[in-house]
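> sequence and predicted structure, then a few things I'm wondering about:
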Amino acid sequence: MERRSFVASGLAAAATAASVRPANAAQAASRGAPFACDFAPHFGMFRHHAGEDVVAQLEWMHAEGFRSLEDNGMRGRSVAEQERIAAAMTRLGMRMGVFVLNPSTAFGKVTFAGGDAAFTASFLDDVRASIEVAKRVNARWMTVVMGDLAHRLEFEYQTANAVEVLRRGAELLEPHGLVMVLEPLNRRDHPGMFLTRVPQAYQICRAVNSPACKILFDIYHQQITEGNLIPNLDRAWDEVAYLQIGDNPGRKEPGTGEINYARVFAHVKAKGFTGILGMEHGNAGAGKDGEKAVVEAYRKVDPSR
């Protein structure tokens with residue numbers, strides 16, 4: 001599922017339904033217990049149980065043990081809805097994960113790599129607008145997708161252009177303690193993108209040299225582009241601020257593909273990671289049964305189990 005699909009699904013309406021009942025005593029004991037890792041679902045993931053209202057969905061997530069949320073499309077919500085979501089999360093003691101900082105340019109043909117002054121101005125406008133949203137919803141991290149390659153330029157010039165734009169953005173974010181996290185996207189699902197690999201993102205973050213510019217390590221994308229997940233995560237660790245989840249193939253919940261998520265999560269926890277792990281994937285199954293399977297999948301691979 002592509003990022004744009006997540007934005008759309010996060011805003012979609014759904015029918016109201018009753019909350020799930022634990023199927024056995026073990027599930028009953030774990031329901032509501034916080035996960036050892038701070039997994040963050042997105043709106044729409046549990047709509048068959050919680051209904052269409054975003055606050056009801058937050059309450060259902062919390063009742064199942066989730067303590068964070070990510071919402072790629074937060075920038076597109078009304079101020080009133082943003083404030084309502086933030087108030088509910090404060091009441092529930094939940095953290096806000098990423099939203100997309102630059103939705104207007106994330107998948108456009110004008111990119112960070114091109115050295116275009118109009119693009120830079122547009123991106124900085126996105127940064128300023130996202131700062132206000134982040135304050136409103138108590139967010140710290142915001143995803144930056146760096147767009148397409150600039151095919152007429154040598155790659156080293158593209159990298160220098162990207163670093164300069166990001167430095168300008170970081171200057172705006174630093175005074176607010178906010179962090180843009182750069183997401184490498186795999187070439188299979190997103191051909192022609194400039195940023196595709198974690199080592200590349202690491203190089204860029206080192207060059208930007210700001211606490212406001214870090215890496216979003218999406219385990220699904222990195223399994224496709226590089227694999228060797230734990231060693232690569234260790235090498236990039238100093239620049240990693242946020243993780244996202246999706247099994248491969250299929251980009252569904254852990255246990256539906258080839259990645260040993262129990263081992264990955266145990267490693268992340270052992271390293272002392274206290275940030276958020278965003279559940280940026282679809283549900284393998286349909287309806288309520290599919291939603292229950294997602295929760296059960298995370299209970300199975302959570303390091304506390």
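All right, it came through fine.

> show me what contacts C37?
By Cβ atoms under 8 Å, 6 or more residues apart in numbering, the residues touching C37 are F265, V268, K269, F273, L277, D302, P303. (Glycine included, C-beta is placed from N, CA and C.)

> go ahead and confirm the fifth one touches Q244.
To tie it back to what came earlier, the one meant is L277. Yes. Using Cβ atoms under 8 Å, L277 makes contact with Q244 at a distance of 7.0 Å.

> tell me where the chain has strands.
Remark: strands assigned in the chain by DSSP state E are 38-40, 68-69, 95-96, 141-144, 179-182, 213-218, 240-244, 276-278.

> want to throw those into JSON lines with mean neighbour count?
As requested, these are exported to JSON lines (neighbours: other Cβ atoms under 10 Å):
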{"stretch": "strand 38-40", "mean neighbour count": "24"}
{"stretch": "strand 68-69", "mean neighbour count": "27"}
{"stretch": "strand 95-96", "mean neighbour count": "20"}
{"stretch": "strand 141-144", "mean neighbour count": "26"}
{"stretch": "strand 179-182", "mean neighbour count": "26"}
{"stretch": "strand 213-218", "mean neighbour count": "26"}
{"stretch": "strand 240-244", "mean neighbour count": "24"}
{"stretch": "strand 276-278", "mean neighbour count": "26"}
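
> these: which one's closest to A293?
Among those, the nearest to A293 by Cβ to Cβ is strand 38-40 (14.7 Å).

> neighbouring strands for that closest one, and are they parallel or not?
Note on strand 38-40: by DSSP bridges, its sheet partners are strand 276-278 (parallel).

> return the distance of the strand it pairs with from the chain's centre.
6 Å (Cα atoms, centre = their mean, to the nearest Å).

> one step back: and of the strands of the chain, who's closest to D289?
Among the strands of the chain, the nearest to D289 by Cβ to Cβ is strand 38-40 (19.8 Å).

> quick one: contacts of that closest one?
66-70, 95, 97, 245, 274-279, 298, 302.

> for these, which one is nearest L58?
The closest of the contacts of strand 38-40, once distances to L58 are taken by Cβ to Cβ, is L69, at 6.5 Å.

> kindly state the pLDDT recorded for the closest one?
Looking at L69, its pLDDT stands at 98.

> what does T111 give?
87.

> which residues touch it?
Contacts of T111 by Cβ under 8 Å, 6+ apart are T105, F119, M146, G147, D148, L149, A150, F194.

> from L195, how far off is it?
In this view, T111 and L195 are 10 Å apart by Cβ to Cβ, to the nearest Å.

> and which of the contacts of T111 is nearest R168?
Using Cβ to Cβ, the shortest approach to R168 within those belongs to F119, at 11.2 Å.

> can you give me the neighbour number for that closest one?
Neighbours of F119 under the rule other Cβ atoms under 10 Å: 20.

> quick one: contacts for it?
Counting by Cβ under 8 Å, 6+ apart, F119 has contacts T105, V110, T111, F112, V165.

> and which of those is nearest G44?
T105 (24.3 Å).

> and the closest one, how far from E52?
From T105 to E52 the distance is 30 Å (Cβ to Cβ).

> more crowded one of these two?
Set side by side, T105 and E52 show more neighbours around T105, with 20 against 15, by other Cβ under 10 Å.

> hang on, the more buried one packs against S122?
Yes. Contact between T105 and S122 holds when scored by Cβ under 8 Å: they sit 5.9 Å apart.

> would you list every one of the helices in the stretch 1-150 of the chain?
Here the stretch 1-150 of the chain has its helices, by DSSP state H, counting those that start in this stretch, at 3-11, 25-30, 47-50, 54-63, 79-92, 117-137.

> nearest to R206, of those helices?
Closest approach to R206 among those is made by helix 117-137 (20.3 Å; Cβ to Cβ).

> give the closest residue to N161 in space, chain neighbours not counted.
Closest residue to N161 apart from its sequence neighbours, by Cβ to Cβ, 6 or more residues apart in numbering: G115 at 4.0 Å.
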